[in-house]
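Asker: sequence isn't available, so here's the structure alone:
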Ligand code: AP5
């Protein structure tokens, strides 16, 4: 299975991706986690990444593609992946499509976690208080949500036209969301295989 997980900050992409990966025996690849690792390890590109992430802006496509290339191609050759946080723009989706096509592994399913703004802000600020994640502040979360509306929401139309797009109500408790996600993915898998 090759799955793209799309949703605003705080919608539960990371939380659900862990469960999906375990249930379907596929790799969990998080663009945000990979980028934060470069920052933590102070790699050559880590300093540049840090500035974008701290502001809540999108990291330039070239850097993101470089960071993702290896894990995505390894997972494509194995059982597949759930990609959490990528693509985030139509341009990234087009680049990903070309890379996947070259690997003979075009992405088939996009899953959107739908959660209202007030709940997103509540979750992210709660995590910020707990973990001190640098971009989980009131000012930065408002900007991250705006970046989602401006750059990422258009992806939903893009995938609705091209691939199988599933929308799941992510505003329910974690286990309920996970159950809906699994049922929907199994249904789509059956359709694709049949
Ligand atoms: P990224 O790490 O992808 O962050 P994000 O999209 O802002 O998402 P979050 O991690 O805030 O939330 P999530 O949807 O994963 O939810 P989670 O499960 O963690 O990106 C960070 C930055 O990296 C970006 O701003 C950008 O700078 C850069 N970046 C990343 N990818 C990029 C790309 N492709 N291109 C360019 N730049 C990129 O849950 C959030 C909280 O809610 C947790 O505390 C969790 O416990 C809780 N929670 C989850 N589900 C529920 C539930 N159902 N009920 C109650 N609480 C819940």
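Answerer: Perfect, I can see it now. Keep in mind that this is a model prediction, so the values were computed, not measured.
Asker: got phi/psi on the closest residue to the ligand within the chain?
Answerer: Nearest residue of the chain to the ligand, counting by Cβ to the nearest ligand atom: residue 32, 1.9 Å away. Glycine gets a C-beta too; all of them are placed from N, C-alpha and C. Note on residue 32: its backbone torsions stand at phi -60, psi -40 [degrees, to the nearest 10].
Asker: who are the neighbours in contact with it?
Answerer: 14, 53, 84-85 (Cβ atoms under 8 Å, 6 or more residues apart in numbering).
Asker: pLDDT at the residue nearest the centre of the chain, what is it?
Answerer: Nearest residue to the geometric centre of the chain (Cα atoms, centre = their mean): residue 85, 2.0 Å. The model reports residue 85 with a pLDDT of 95.
Asker: phi and psi next, for it.
Answerer: Dihedral angles (degrees, to the nearest 10) for residue 85: phi 100, psi 10.
Asker: after the helix or strand bottoming out on mean pLDDT in the chain comes which helix or strand?
Answerer: Least confident element among the helices and strands of the chain, by mean pLDDT, DSSP states H and E: helix 90-102 (a mean of 85). Note on helix 90-102: by DSSP states H and E, the next helix or strand toward the C-terminus is strand 109-114.
Asker: okay, now the sheet partners of that next one, with direction.
Answerer: strand 2-6 (parallel), strand 164-169 (parallel) (DSSP bridges).
Asker: just the ones you listed: most buried one?
Answerer: Neighbour counts averaged per stretch over the strands paired with strand 109-114 are highest for strand 2-6, at a mean of 23; criterion: mean count of other Cβ atoms under 10 Å.
Asker: so what's the residue count around residue 155?
Answerer: Using other Cβ atoms under 10 Å, the number of residues around residue 155 comes to 21.
Asker: also the one 4 residues further on?
Answerer: With neighbours defined by other Cβ under 10 Å, the count for residue 159 comes to 21.
Asker: quick one, what contacts the nearest residue to residue 27 once chain neighbours are set aside?
Answerer: Excluding the flanking residues, the one nearest residue 27 by Cβ to Cβ, 6 or more residues apart in numbering is residue 75, at 3.9 Å. By Cβ under 8 Å, 6+ apart, the contact list for residue 75 reads 26-27, 29, 81.
Asker: what about the contacts of residue 32, which are in helices?
Answerer: If you go by DSSP state H, the contacts of residue 32 have 14, 53 in helices.
Asker: so which of the contacts of residue 32 is the most crowded?
Answerer: residue 84 (25 neighbours).
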